[in-house]
Structures are given as C-alpha cells and as structure tokens.
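# The following block contains a protein sequence and its predicted model.
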Amino acid sequence: MKKISILIPCYNEEKSLPLLYPELVKLMEGNKAYDWELMFVNDGSTDGTLAALQQLRQQDSRVNYVDLSRNFGKEAAMLAGFDYVTGDCMVIIDADLQHPPTLIPEMIKHWEAGYDDVYAKRRSRGKESWLRRRLSLLFYKLLQSSSRFDVLQNVGDFRLLDRKCINALKRMRESERYTKGMYSWIGFNKKEVEFDQGDRLAGDSSWNFRRLFSFALDGITSFTNAPLRISTMMGFVVSVCAFLYMIYVFCKALIYGDPVQGYPTLVILVLFLGGIQLLSLGIIGEYIGRIYNETKNRPDYIVRQFNGEDAL
Ligand code: UDP
Ligand code: MG
C-alpha cells in the first residue's frame, strides 16, 4: 500500500489544530486505499501547540510530531519535515486551513497519473491589503525577469511532492532557504491545480512587512546574481559619464582658465557618486552576509524531540 505523508509546519497554532485535525481525519477516512502519516512540525511555538500535538499523538498513531528547539521559521521547519516524513509522497499544508484539505484527493489523482510535483495555485488571495498584493506582484516580476527559473506567483508551499522530489529537496541544505524557488529548481513533472484561498480561520498570521521584506530579499539573493550585475553595470555607466565629464572640465580649464566656481556641480557629483557607491556596497554586503552564514555550515534546525522521544 502506498503511503502518503502530510506535512504541517505549526507556529502558535493551538487554535487552528482542533479545526484542522478533523478535516484531515475526514480526508484519511475517505481514502482508505492509502497509508497515512501526519507529520506536524512544532516550530518553537510559545502557546499550547505542543501539548495539543502530544494529545493527538496519544489518540491517533498516524500523528507524528517533530518538536524544534526554538522558532526556526517556516522554511527550516519544512526542511525538518522533509527529513522526517516516510511517505511515498508528501503534501505540505498550512495549519491555518488556508489550504483546503479537500483538494488533496485531486492532487493524489494527478500523482497517480505520473506527475511528481502537483502544486496548488490560488485563484484568489483571500483578504489581503492592496499594498501587499502590489508588492508581491512586483517581487515576482523582478524574480522572474532576473533568474532562469520560473518562480510562480500565487503558488505557495501547498503541493504534493513525490519521493523523488523530497529526496532532491533534502539534498539542498543551504541556510538561507527559499523553498519556493527550490521547487522550480529541482525540475520533475509538474502539474497545476487551482484553489480558492480562504482567510486564516484562527490565530494570527506570523508574517509582517519586515519578515516579508527579508523573505523577498532571501528569494532574490538566493536565486540570482542580477543585483550584483546591475551594480556593476551602473558603476560602468557612471564611470564612463564621469570620464567624459572629466575631459570636458579639463579642456574647459585649459581653454578658458579656471576661476573657482562650480560648487553645485561638485556637490551633485559627490552626492550622486557617494549614493551609488553605498548602494552597490549594500548589495555586495547582502551577498557577503549570506556567504558568511553559509560557510558557518550550521544545521538548519535543531530537534528537541520526535514523537516525545529526545532527539540524538
Ligand atoms: N509557520 C511556521 N514557522 C514560522 C511561521 C509560520 O511553521 O515561523 C507556519 C504556520 O504555523 C502555518 C504556516 O507556516 O502553518 C503559514 O504561516 P502563516 O499562516 O502565518 O502565513 P501566511 O498564510 O500569512 O503566509
Ligand atoms: Mg496562513
């Protein structure tokens, strides 16, 4: 019998779990042709999430949980899940029921038909501010035009991945993780299904603009060197202009002499060049920071317990 794992990263989801679990049970009872495994990853929750998971585990042996030693972020929590799931395929789903479990049977159908990565695309994005929607659009445009891989908009982590894909993802141990990009990077046969994203049923979204901004930065820096190239190009253009201007100033001084003048020009030049230099330095710094983090070679997450037993 084929085994299907469901991976659910949870960060402060004590209110969502009692809503999510019955839905998953319904799904499992309706598809008895498969073995099921629920893999919850408790990503350092500070509420009663862990207790809720322990209790579920007691009632239902299909429930497994990985308890991380602190909050490592959703990307790392998912990697922990990749390492622990044992299914022939895996469905990643949010704990807040924004990803309808009712879509999973359709995903399985496509998987049985031979697709390795069945991803769900949001038809609508639920309640979201205008600004967030525009920024997200801009981000994907930027990413798409600057890297070779299609990172799709309105496609998230809600997807079914074959064992082949899980194994491929497990080999990618980088610390600045941008899993959405990795799904495209690994390739394999992909299939799209659509769904309507509802609003979070309980609890609060843990994303704010600062987190989203740094997520977007991770996305860009981990998938493309385009910003570095842009700053090189900008430097090139500016230095050509500066060189021409230098010749102009030099000749003018030769021909007409040089009574001291031109304060505005000087100030403009200094500010302009200084600005560009700082910007380029900043971009380089972003990449160096990531190289630094990567060379430390730390594990991406630390497990405290698996199913109540201390991790090695
Ligand atoms: N999540 C996590 N660690 C975090 C933040 C979020 O495991 O540090 C989980 C969270 O419990 C949920 C999923 O990631 O299951 C999506 O989070 P959320 O609903 O807050 O994000 P949004 O839907 O707003 O993108
Ligand atoms: Mg959510």
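Sure, I can see it. Quick caveat, the model's predicted, so the values are computed rather than measured. Ligands and ions are numbered 1, 2, ... in the order given.
# which intervals of the stretch 1-150 of the chain have sub-threshold pLDDT?
125-128, 147-149 (pLDDT under 70).
# Could you pull out the helices in it for me?
Shown for the stretch 1-150 of the chain, the helices assigned by DSSP state H, counting those that start in this stretch span residues 17-30, 49-59, 74-84, 104-112, 130-146.
# Can I get the shortest one in PDB, CA atoms only?
The one in question is helix 104-112. What follows is helix 104-112, C-alpha atoms only, in PDB (Å, rounded to 0.1, in the frame of the first residue of the first chain):
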ATOM      1  CA  ILE A 104      -5.700  16.700  -1.700                       C
ATOM      2  CA  PRO A 105      -7.600  13.800  -3.400                       C
ATOM      3  CA  GLU A 106      -7.400  15.700  -6.700                       C
ATOM      4  CA  MET A 107      -3.600  16.100  -6.200                       C
ATOM      5  CA  ILE A 108      -3.300  12.400  -5.500                       C
ATOM      6  CA  LYS A 109      -5.100  11.600  -8.700                       C
ATOM      7  CA  HIS A 110      -2.500  13.600 -10.700                       C
ATOM      8  CA  TRP A 111       0.300  11.900  -8.700                       C
ATOM      9  CA  GLU A 112      -1.100   8.500  -9.700                       C
END
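# Contact partners for the spatially closest residue to Met90 that is not a sequence neighbour?
Spatial nearest neighbour of Met90, chain neighbours left out: Ser5 (4.4 Å); criterion: CB to CB, 6 or more residues apart in numbering. No exception for glycine: its C-beta is placed from N, CA and C like everyone else's. Ser5 sits next to 36-39, 85-87, 89-91 when contact means CB atoms under 8 Å, 6 or more residues apart in numbering.
# ok, now Gln144?
So Gln144 contacts 150-151 (CB under 8 Å, 6+ apart).
# that older thread, and the helices of the stretch 1-150 of the chain: which comes nearest Glu192?
Judged by CB to CB, the one of the helices of the stretch 1-150 of the chain that comes nearest to Glu192 is helix 104-112, at 9.2 Å.
# Kindly spell out which helices and strands sit in contact with the closest one.
helix 17-30, strand 89-92, strand 117-122, strand 155-162, strand 190-195 (3 or more CB pairs under 8 Å, 6 or more residues apart in numbering; DSSP states H and E).
# The residue nearest to Met90 pairs with what?
Beta-bridge partners for Ser5, by DSSP bridges, are Glu37, Met90.
# how much space between it and Asp300?
Counting by CB to CB, to the nearest Å, the separation of Ser5 from Asp300 is 19 Å.
# got it, and Lys180?
Per CB to CB, Lys180 is found 16 Å from Asp300.
# Have a look at those two and say which one is more surrounded.
Neighbours around Lys180 and Asp300, counted as other CB atoms under 10 Å, are more numerous at Lys180. The numbers are 21 against 18.
# Helix, strand or coil: sort out that one for me.
Judged by DSSP: H, G, I helix; E, B strand; the rest coil, the three-state class of Lys180 is helix.
# got it, and the one 5 residues further on?
The assignment at Trp185 comes out as helix when based on three-state DSSP.
# Number of residues surrounding it?
Neighbours of Trp185 (other CB under 10 Å): 18.
# Can you give the distance from the longest helix seen in the chain to the centre of its chain?
Ordering each helix of the chain by length in residues (DSSP state H) puts helix 263-296 first. On the basis of CA atoms, centre = their mean, to the nearest Å, helix 263-296 sits 26 Å off its chain's mean C-alpha point.
# which secondary structure elements does the helix or strand just after it contact?
Where DSSP states H and E defines the elements, the next helix or strand beyond helix 263-296 is strand 303-306. Contacting strand 303-306 under the criterion 3+ CB pairs under 8 Å, 6+ apart are the following elements: strand 63-68.
# What strands line up against the strand it packs on, and which way round?
When DSSP bridges is applied, strand 63-68 pairs with strand 35-42 (parallel), strand 303-306 (antiparallel).
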